[in-house]
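Visitor: based on what follows, work out the 3D shape:
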Amino acid sequence: MAINRTGASGTGLHYFAQGWQLIRLPGIRRFVIVPLVLNFLLMGGAFIWLFYKLGQWLPALMSRIPDWLQWLNYLFWPLTVIFVLLVFSYFFSTVANWIAAPFCGLLAEQLEARLTGKPMPDSGWAGMVKDIPRIMKREWQKLAWYLPRALVLLLLYFVPGFGQTVAPVLWFLFSAWMLSIQYCDYPFDNHKVSFRQMRTSLKQHKTDVMQFGALVSLFTMIPILNLAIMPVAVCGATAMWVDRYRSTLGLVK
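Guide: Next up is the predicted model:
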């Protein structure tokens, strides 16, 4: 049975908030469990390890600031911490998404069917297993698009002074866009919409998509809350797909 949707032109904040509500829907909760457990194990363990390592990494990074800029340590120190958290959070969320990609696709599929009342053909666990090769190929496409851009931003950080100030801001914006791509891609890929066409469609609502990704990126850095962010983001992105993109791509019958 379809769920009556209101606020079909919601902002990124609206869809992010929707994600927290949709993971609790009866019949959807069982598809949330696997992404939730995988994210809990990977992100939880990764953040415990990070907090042990920060004491070694931060002095090494700060030592790259030239002497004549040492008086700006009060600014560079928090920016460096934010930059490390952003890079680290995105890296491990990417690893978690790779492992959980088939289950995230299944969650997006089942939620779309619940929101629209129209199940997809070959849906369910058997369909997920059959689609694993296509899903993994799509993950490689996202990684190939991401890596060269991420490398440029990482290199920028090592430009003394300027890099430490600008790189964290640029990385946050880049992470917001990339996380939007990551999670919105599950419902797009379920309908075999190409990666290029998906990015073009998202750019049509770039402000709201960036707002959604920025909230996901922010919550990915927050211990405890980041353990639930994967299924929340999948559900929020799927709601955005149903409201904004499904009909414009001619997929409503």
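Visitor: can you give me the buried ones in stretch 19-35?
Guide: G19, L22, I23, L25, I28, F31, V32, V34, P35 (16 or more other CB atoms under 10 Å). Where you see a C-beta, it was placed from the backbone N, CA and C, and this is true even at glycine.
Visitor: what's the helix or strand for A176?
Guide: For A176, the host element (DSSP states H and E) is helix 162-190.
Visitor: what about that helix, average pLDDT?
Guide: Average pLDDT, helix 162-190: 86.
Visitor: for that helix, packing partners?
Guide: helix 73-116, helix 125-157, helix 195-203, helix 206-220, helix 229-240 (3 or more CB pairs under 8 Å, 6 or more residues apart in numbering; DSSP states H and E).
Visitor: comparing those helices, which comes out most buried?
Guide: Highest mean neighbour count of these: helix 229-240, a mean of 29 (counted as mean count of other CB atoms under 10 Å).
Visitor: what's the mean pLDDT across it?
Guide: The average pLDDT for helix 229-240 rounds to 93.
Visitor: report the inter-axis angle for it versus helix 195-203.
Guide: If you take axes from the mean of the first three to the mean of the last three CA atoms, to 10 degrees, helix 229-240 sits at 80 degrees to helix 195-203.
Visitor: for helix 229-240, the distance to its chain's centre please.
Guide: On the basis of CA atoms, centre = their mean, to the nearest Å, helix 229-240 sits 9 Å off its chain's mean C-alpha point.
Visitor: try stretch 177-184
Guide: Distance of stretch 177-184 from its chain centroid, counting by CA atoms, centre = their mean, is 5 Å.
Visitor: in strands, which of the buried residues of stretch 19-35 fall?
Guide: Using DSSP state E to define strands, no part of the buried residues of stretch 19-35 is located there.
Visitor: export those to JSON lines and tack on pLDDT?
Guide: As requested, those are exported to JSON lines (pLDDT from 0 to 100):
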{"residue": "G19", "pLDDT": "94"}
{"residue": "L22", "pLDDT": "94"}
{"residue": "I23", "pLDDT": "92"}
{"residue": "L25", "pLDDT": "90"}
{"residue": "I28", "pLDDT": "89"}
{"residue": "F31", "pLDDT": "85"}
{"residue": "V32", "pLDDT": "85"}
{"residue": "V34", "pLDDT": "79"}
{"residue": "P35", "pLDDT": "78"}
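Visitor: which element is N39 on?
Guide: Taking DSSP H and E as the definition, N39 sits inside helix 29-62.
Visitor: that older thread, any idea which of the helices and strands packed on helix 162-190 has the lowest pLDDT on average?
Guide: Looking at those, the lowest mean pLDDT belongs to helix 73-116 (a mean of 75).
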